[in-house]
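S.K.: need coordinates for the below:
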Amino acid sequence: MRARKDKNIDFSDSPEWTAEDFKRARHFTPEERAEFRAAYINTFGHPPPKRGPLRKHPSERYVPTYIKLHPKIIQWARREAKRRRLGYQTIINEELLRRAA
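M.R.: Just a heads-up that it's a prediction; the model follows:
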């Protein structure tokens, strides 16, 4: 499922930054990064996870393909996608996976 932005999040406890806030902001030093990493390993017993998108197992990765579908299928998928706030290709994929199981 694709991550999406929620417009109903309450940010009242997180005020917007002022120019002064940005002036005080700084990057972590290499020593601070090393200290954080050591504390993480000490707490959890393994290094912090790598940043970036999650990698799927090779058996779960999508295969790019081209397929012709009837316009009614596309219309249905787009309506359903709009209702569920997902991509229409995700809807088609989920339906095919459900029927393949």
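
S.K.: quick check on the residue of the chain most remote from its centre: phi, psi?
M.R.: Centroid-distance maximum for the chain: residue 20 at 31.3 Å, with CA atoms, centre = their mean. For residue 20, the backbone dihedrals (degrees, to the nearest 10) come out as phi -60, psi -40.

S.K.: how close does it sit to residue 12?
M.R.: If you measure residue 20 against residue 12 using CB to CB, to the nearest Å, the figure is 20 Å. The way it works is simple: take the backbone N, C-alpha and C, and place the C-beta from them, glycine included.

S.K.: for residue 78, same thing?
M.R.: Using CB to CB, which is the criterion applied here, residue 78 is 36 Å from residue 12.

S.K.: do the same with residue 25
M.R.: Residue 25 is 22 Å from residue 12, where distance means CB to CB.
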